[in-house]
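**Student:** Okay, predicted coordinates and the sequence, questions at the end:
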Amino acid sequence: MQSITRIIALATTGLLLSACASTGAPPAGQTVSLVNSLSWVNPIDGKRDGSRTSWPLKEGRLADEYFPLAQLKQCDAQKQCAFGVMRAKRSVAKIDYAEGGINVTFELDVDVARRQAARQGEVQTAMAIPKDVSALAGRQQIKRTFGLKYGKVEQVELDYGVRYQLCAQRHDASGKAIDVCEIPFI
């Protein structure tokens, strides 16, 4: 009888310990950040341009990110080009810690039009394509879930050469990065 009680106690302890490992917390003594980038081809010099940020995960949540307005260009085979202004926002619906990384459900809203305006706090910006220039227009709303392994970059290709990249990065107790996220600083 005592051996059965002991087996049940050991099994219960094992279950409790495995439950603790999946409670949705970062690895012990570490913090985790979501590194992400929205990039595009600069219409003037043809080089990749964009914004790269790193956001620490706080209680499994992340603030919405509004990317800067950007001008896009697309040319056809006859070298006739159209331009547009992009406004983009990233939001994260859910983050779960998993073995070796995080599961993140995000939404990316990209709107391209002749004219865009954005307001963040006290700052308001606007950009427009002149009326005598062909204009791009389109909207993409992407909702995806990625199982991000620490240090591994995932990528989403969008219209007009726009690219979204994201990566989970751990930091030790002193704030030093443990993982390398190969997302370029632009």
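**Tutor:** Perfect, thanks for sending it.
**Student:** ranges for the strands of this structure?
**Tutor:** Applying DSSP state E to the chain gives strands spanning 31-41, 48-56, 65-66, 70-75, 81-98, 101-113, 115-120, 123-128, 138-149, 154-157, 163-171.
**Student:** Quick one: closest of those strands to F185.
**Tutor:** strand 48-56 (5.6 Å; Cβ to Cβ). All C-beta atoms are positioned from the backbone trio N, CA, C, and that covers glycine.
**Student:** which residues are contacting the closest one?
**Tutor:** Residues outside strand 48-56 that contact it (Cβ atoms under 8 Å, 6 or more residues apart in numbering) are 31-42, 62-63, 65, 67-68, 70, 163, 169, 183-186.
**Student:** thinking again about what came up before, so which of the strands of the chain is nearest G24?
**Tutor:** strand 81-98 (5.1 Å).
**Student:** just the angle between the closest one and strand 163-171, please?
**Tutor:** In terms of direction (axes from the mean of the first three to the mean of the last three Cα atoms, to 10 degrees), strand 81-98 departs from strand 163-171 by 30 degrees.
**Student:** Report the rounded mean pLDDT for strand 81-98.
**Tutor:** Averaged across strand 81-98, the pLDDT comes to 95.
**Student:** what packs against it?
**Tutor:** If you count contacts as 3 or more Cβ pairs under 8 Å, 6 or more residues apart in numbering; DSSP states H and E, strand 81-98 packs onto strand 31-41, strand 65-66, strand 70-75, strand 101-113, strand 115-120, strand 138-149.
**Student:** partner strands of the fourth one, parallel or antiparallel?
**Tutor:** Using DSSP bridges, the neighbouring strands of strand 101-113 in the sheet come out as strand 81-98 (antiparallel), strand 138-149 (antiparallel).
**Student:** For this protein, give me the ranges with low pLDDT.
**Tutor:** 1-23 (pLDDT under 70).
**Student:** 90 instead, please
**Tutor:** When residues are selected by pLDDT under 90, those of the chain lie in 1-29, 58-63, 119-123, 184-186.
**Student:** on that earlier part again, would you turn the helices and strands packed on strand 81-98 into TSV with distance to S174 and mean neighbour count?
**Tutor:** TSV is the format used below for the helices and strands packed on strand 81-98 (distance: least, Cβ to Cβ, whole Å; neighbours: other Cβ atoms under 10 Å):
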stretch	distance to S174	mean neighbour count
strand 31-41	11	22
strand 65-66	26	16
strand 70-75	35	18
strand 101-113	21	19
strand 115-120	32	14
strand 138-149	23	14
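**Student:** so can I have TSV of those strands showing distance to G50?
**Tutor:** Formatted as TSV, the helices and strands packed on strand 81-98 follow (distance: least, Cβ to Cβ, whole Å):
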stretch	distance to G50
strand 31-41	3
strand 65-66	13
strand 70-75	8
strand 101-113	13
strand 115-120	16
strand 138-149	16
